[in-house]
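1. The following block contains a protein sequence and its predicted model.
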Amino acid sequence: MKILFVASECAPFVKTGGLADVIGAVPKSLGARGASVRVMLPGYPALASQIADGTVVSTYDDLFGGAARLVAATDHGIDLLILDAPHLFDRAGNIYLDETGSDWADNHLRFGALSRVGADVAMNGIGDWTPDLVNAHDWQAGLVPAYIKQAGGNGPPVVMTIHNIAFQGLFDSYLLGDLGLSADMFTPEALEYYGRIGFLKGGLALCDKITTVSPTYARELMTADYGMGLEGLLRARQTDVSGILNGIDIDVWNPETDDTLPQTYTARSLKRKTKNRDEIRARFGLSENATGPLFCVISRLTEQKGLDLLLEALPTLVGQGAQLALLGSGNADLEDGFVAAAKQYKGAVGTIIGYDESLSHLLQGGSDAILISSRFEPCGLTQLYGLRYGTLPVVANTGGLADTVIDANEAAILADCATGVQFTSVTTQGVEQAIIRTCDLFKDQKNWAKMVRRAMGHPVDWDRSAEAYLMLFTSVIEDNKR
């Protein structure tokens, strides 16, 4: 089975969120099961060395305003197809946003080009490698099935994966011609979405099957509360929608071998986490004499993540004798709020604005619990890292958070299966109650340690999900042959 992934980011090469981790892990898991997978990415500056060392497999004299090449390379066990188009991708800073924090004005061309070249490879292949299936990820790859359809539809089936439906790739209708798409593609059955071009909408309407990153999120997407205006389309195609839970790379995220930690540990040597906890307190300016748990947050600072609620709940957290170490960036008001909170609750709240991969490992390797108060969460990965590192997840009951964390209610505690804390009311009061419950659980250190060991044994790798993807892809390919 030959599979082409088309995506806008991939760890460890370029990453802004969980999408990159998925694209960096799933192809390797599928490859271990006999599939031949190639990942198509834009040629960002971060991929300059791979472009320089790679092999040019096709060229474009004029791809939306400039020359471009498709370069094949292999790195970190991933077979890459890199779209080297300097006029579109050779830019410093954020891959989606300009220096003012606004979307790049030509994002429609940048990711239209990615989709168009993805469609070319889908239909024509590279040398003797022609994909049996295309897996297009999020709005940035949403036009792949549109370009295939416009070319006559003589291509492999396309599976569209939704990582976060809140980001849809909406552009003015007059840009259709700039994308090389004909007017007959601008219909409600294809790309038209309330008078605009919808990259994700078009992908969902024209693809063969749809996946998303957790079973609960797949169900939530059918509702007005979570579907972001696309719930009607998804309900109409609900038999084509599957929720396949994300996993994590357990080689990269392994507390027993993690060389970013001051002290590695296992479920049998939990006391060794103390050294990591001490390092967190030193880095975040936290006092050493707290009586409650050390919570961490590793997140984009947005209202989607419910960080405004956590800000309001901080007096409760501090009042419980707990501490908070927060690493993240995003909304300026939230950044300012947590910086101010670190000053107001000096020694109990620590804030570092930005993102640091090694520091995120330290937070997972030394904290007692990780707080995830998302209003919606397609899957989430930080709670999976928390389980792996014995940093118990305290999560909202939504999306993949609901699918991966077993709440420490009375029945689950008696049955010895609890792995964290869930809360249903995603409000300030709901967050406060979850914090209080966690602090109460922490007081019983014997049972807390049992929960930690249980969490560390919870399966969080890609094995089951890779098998699910393989079964789905196989059935789609077989259906396409009929």
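-> The structure has been received and is ready for your questions.

2. now C439: how far from A369?
-> With distances taken as Cβ to Cβ, to the nearest Å, C439 is found 9 Å from A369. To be clear about C-beta, it is placed using only N, CA and C from the backbone, and glycine gets the same treatment.

3. Same drill for these two, tell me which one is more crowded.
-> Each of C439 and A369 had its neighbours counted (other Cβ atoms under 10 Å), and the higher figure belongs to A369 (27 against 21).

4. The more buried one contacts R277, doesn't it?
-> No - A369 is beyond contact range of R277, at 11.8 Å (criterion: Cβ atoms under 8 Å).

5. Strands of the stretch 251-400 of the chain, residue ranges please.
-> Taking DSSP state E, counting those that start in this stretch as the test, the strands found in the stretch 251-400 of the chain are 294-301, 323-330, 349-353, 369-372, 392-396.

6. Give me the mean pLDDT for the fourth one.
-> Right, strand 369-372. Mean per-residue pLDDT for strand 369-372: 98.

7. List the contacts of it.
-> Residues outside strand 369-372 that contact it (Cβ atoms under 8 Å, 6 or more residues apart in numbering): 293-299, 305, 310, 324, 363-364, 380, 382-383, 385-386, 391-396, 401, 420-421, 431, 434-435, 438, 442.

8. tell me, what's touching C439 and A369 both at once?
-> Listed as contacting both C439 and A369 by Cβ under 8 Å, 6+ apart are P293.

9. can you pull the pLDDT of G18?
-> Model confidence at G18, expressed as pLDDT, equals 85.

10. can you offset everything so residue one is 8?
-> Okay, using 8 as the starting number, the last item reads as G25.

11. burial measure for it, as a count.
-> Count around G25 with other Cβ under 10 Å applied: 23.

12. same question, L54
-> 23.

13. Just the buried subset of the contacts of strand 376-379, please.
-> Burial by neighbour count, 16 or more other Cβ atoms under 10 Å: within the contacts of strand 376-379 this picks out 300-306, 312, 317, 331, 370-371, 387, 389-390, 392-393, 398-403, 408, 427-428, 438, 441-442, 445, 449.

14. where are the low-confidence patches of the stretch 258-407 of the chain?
-> Counting by pLDDT under 70, not a single residue of the stretch 258-407 of the chain qualifies.

15. For it, just list every one of the helices.
-> Assigned helices in the stretch 258-407 of the chain, in chain order: 280-291, 314-326, 339-351, 364-373, 389-396, 406-411 (criterion: DSSP state H, counting those that start in this stretch).

16. Using neighbour counts, pick out the buried residues of the third one.
-> By neighbour count, with 16+ other Cβ under 10 Å as the criterion, the buried positions of helix 339-351 are 341-342, 344-345, 348-349.

17. picking up where we left off before, so which of the helices of the stretch 258-407 of the chain is nearest P164?
-> The closest of those to P164 is helix 406-411. By Cβ to Cβ, the value is 25.5 Å.

18. pull the CA atoms of that closest one into PDB?
-> Once side chains and other backbone atoms are set aside, the C-alpha atoms of helix 406-411 remain, and they are given as PDB (Å, rounded to 0.1, in the frame of the first residue of the first chain):
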ATOM      1  CA  GLY A 406     -13.100  15.400  22.600                       C
ATOM      2  CA  GLY A 407     -10.000  13.200  23.000                       C
ATOM      3  CA  LEU A 408      -9.700  14.300  26.600                       C
ATOM      4  CA  ALA A 409     -12.800  12.400  27.400                       C
ATOM      5  CA  ASP A 410     -11.500   9.400  25.400                       C
ATOM      6  CA  THR A 411      -8.100   9.100  27.100                       C
END
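
19. Output the contacting helices and strands for that helix.
-> Packing contacts for helix 406-411, counted by 3 or more Cβ pairs under 8 Å, 6 or more residues apart in numbering; DSSP states H and E, involve helix 222-227, helix 389-396, strand 399-403.

20. For stretch 364-382, measure first residue to last.
-> Using Cα to Cα, to the nearest Å, the span of stretch 364-382 from its first residue to its last is 24 Å.

21. one step back: okay, and the common contacts of A376 and R284?
-> When contacts are counted by Cβ under 8 Å, 6+ apart, A376 and R284 are jointly contacted by L301.

22. residue contacts, G205?
-> Contact criterion Cβ under 8 Å, 6+ apart gives 149, 175-177, 198-199 as the residues in contact with G205.

23. Let's see if you can find the most crowded of these.
-> For these, the largest number of neighbours (other Cβ under 10 Å) sits with G149, at 31 neighbours.

24. and the gap between it and C214?
-> In this structure, G149 and C214 are 9 Å apart, going by Cβ to Cβ.

25. can you check I255 too?
-> For I255, the distance to C214 equals 26 Å [Cβ to Cβ].

26. Mind checking which of the two has more residues around it?
-> Between I255 and C214, counted using other Cβ under 10 Å, C214 has the larger neighbour count: 25 against 21.

27. beta partners of the nearest residue to that one once chain neighbours are set aside?
-> The spatial neighbour of C214 that comes closest, neighbours along the chain excluded (Cβ to Cβ, 6 or more residues apart in numbering), is M167 at 4.0 Å. In this structure, M167 bridges to A143, I217 when assessed by DSSP bridges.

28. which residues touch M167?
-> Contact criterion Cβ under 8 Å, 6+ apart gives 143, 149, 152, 210-211, 214, 216-218 as the residues in contact with M167.

29. returning to that earlier point: take the strands of the stretch 258-407 of the chain and write them to a markdown table, including distance to A53.
-> Compiled in a markdown table, the strands of the stretch 258-407 of the chain are given as follows (distance: least, Cβ to Cβ, whole Å):
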| stretch | distance to A53 |
| --- | --- |
| strand 301-308 | 19 |
| strand 330-337 | 18 |
| strand 356-360 | 22 |
| strand 376-379 | 27 |
| strand 399-403 | 30 |
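
30. okay, now N171: neighbour count?
-> When neighbours are defined as other Cβ under 10 Å, N171 has 22 of them.

31. Correct me if wrong: it contacts W146.
-> No - look at N171 against W146 with Cβ under 8 Å: they stay out of range, at 9.4 Å.
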